[in-house]
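Asks: Quick one: sequence plus predicted model below, questions after.
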Amino acid sequence: MLEKSSNEPSQDKLTQWSTSSGCGCKIAPAVLEEILSSSGSFTQNDPKLLVGNSGKDDAAVYQVSEEIAMINTVDFFTPIVDDPFDFGRISAANAISDVYAMGGKPLFANAILSWPTDKLSPALAAKVLEGAKSICKTAGIELAGGHSIAAKDPVFGLSVNGVVHPEKIKTNKGAKPGDLIFITKPIGIGVFATALKREKISKSDYLVLLETTCRLNSIGERLGNKQEVHAMTDVTGFGILGHLIEMCEAAGNSAEIHLPSLPVLEGFKGYVDQFIFPDNTYRNWNAYSSKTEGVNGMDLVKLCDPQTSGGLLIAVDPEGLESFERTIQESKQAIWKIGQFTESEEKTVRILNE
């Protein structure tokens, strides 16, 4: 047993090693904007770089031939659950999702591991890698290598490489006015993760948290072949509102969300009623409230709850709805229609409550 002082977190509670967890530990949107702008990171000149930082998209895409473009993404975060195997699984599913969000097929991944080896057992880190490998196996890819450092906080994630046809890339900027908005997972991951961190979550809700976050967004690869799908992104640390605003601003549109249609995890309201939700929910609201209208009271939690390994947010041409729904049904994919894109208005997103 490793010795630790009385004020050090427990090895049995990985979530105690960070103030925020999962994608909730993302840098605040305004601060990230400042960093990227000041560093010139929004400027790219290589014409073969089809998708880069300038689009605030889920992954970079580089064209290597007329029929092949390579996708690369990197995603990592602090523990969202206490079990190291499950932490690895969630981290891997979250990272691979970026490739699916581009309409691509993942090929292989490399691990990124930061571990306080003087405080946490290397055996726990091995469990994290085992969990990641299990999800990679489900996705049909290898965890091929990676890089590790000894540092203060436990952090884990993947750099994932994938492939897509250059004409089938699904960016976050292709939505058109009239396109319908769909989401493939319920909202509430951040709330459930906070309930876990505060030791308030029920066993059944914990299992729901695991099932939701470990479920791959593999439908994205198939949707890459669907012309009626105009844009996709995955919902992570900025909440559904933040990622929808990114889609709107990239395309020069606005959007309407029918709040009663927005799916939430069963038990979500019970935790929110106890004021159990991530602190970064308010951070997200502060970043996006000026661009939003129609939000009443604590409804902001649904819209700004930071997701980890959240669902895909999809823009679909209504004229191709029948074909889209057939693909969804054939794939046995859960999905919810929550709104539509509109012509640009004064406010980027309007929330409808009826």
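Replies: On my side now, so go ahead.
Asks: shaky segments in the stretch 251-354 of the chain?
Replies: Judged against pLDDT under 70, the stretch 251-354 of the chain has no low-scoring part.
Asks: Let me see the ranges of the helices in it.
Replies: With helices called from DSSP state H, counting those that start in this stretch, the stretch 251-354 of the chain shows them at 268-273, 280-288, 299-304, 321-330.
Asks: Tell me which of the ones you listed lies nearest to residue 248.
Replies: helix 280-288 (10.8 Å; CB to CB). C-beta: built from backbone N, CA, C; applies to glycine.
Asks: Buried residues, that closest one. List them.
Replies: Residues of helix 280-288 classed as buried by neighbour count (16 or more other CB atoms under 10 Å): 280-281, 283-285, 287-288.
Asks: what about residue 155, how many residues close to it?
Replies: When neighbours are defined as other CB atoms under 10 Å, residue 155 has 20 of them.
Asks: Could you report the distance from the nearest residue to it once chain neighbours are set aside to residue 304?
Replies: Spatial nearest neighbour of residue 155, excluding adjacent residues (CB to CB, 6 or more residues apart in numbering): residue 114 at 3.9 Å. Distance of residue 114 to residue 304, computed by CB to CB, to the nearest Å: 27 Å.
Asks: got the domain boundaries for the protein?
Replies: Domain ranges of the chain: 14-168, 180-352, per automatic domain parsing.
Asks: Could you work out which of these reaches nearest to residue 174?
Replies: Across those, closest to residue 174 is domain 180-352 (CB to CB), at 3.8 Å.
Asks: next one: that closest one to chain centre, how far?
Replies: 10 Å (CA atoms, centre = their mean, to the nearest Å).
Asks: Then stretch 74-88?
Replies: The answer for stretch 74-88 is 14 Å, by CA atoms, centre = their mean.
Asks: ends of that stretch, how far apart?
Replies: One end of stretch 74-88 to the other measures 15 Å (CA to CA, to the nearest Å).
Asks: Secondary structure class of the one residue sitting closest to the centre of the chain, three-state.
Replies: Geometric centre of the chain, nearest residue: residue 236, 2.9 Å, by CA atoms, centre = their mean. In three-state terms, and counting by DSSP: H, G, I helix; E, B strand; the rest coil, residue 236 is coil.
Asks: What mean pLDDT does the helix or strand where residue 233 lies get?
Replies: Residue 233 belongs to strand 229-234 when elements are defined using DSSP states H and E. Mean pLDDT, strand 229-234: 97.
Asks: Could you list the buried residues of it?
Replies: 229-234.
Asks: now the strands for this protein?
Replies: With DSSP state E as the criterion, the chain has strands at 49-51, 60-63, 69-77, 105-115, 142-150, 155-164, 180-183, 229-234, 254-258, 292-293, 312-316, 336-342, 349-352.
Asks: In a markdown table: those strands, plus distance to residue 99.
Replies: Output for the strands of the chain, formatted as a markdown table (distance: least, CB to CB, whole Å):
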| stretch | distance to residue 99 |
| --- | --- |
| strand 49-51 | 12 |
| strand 60-63 | 10 |
| strand 69-77 | 5 |
| strand 105-115 | 5 |
| strand 142-150 | 14 |
| strand 155-164 | 4 |
| strand 180-183 | 19 |
| strand 229-234 | 10 |
| strand 254-258 | 25 |
| strand 292-293 | 30 |
| strand 312-316 | 12 |
| strand 336-342 | 23 |
| strand 349-352 | 27 |
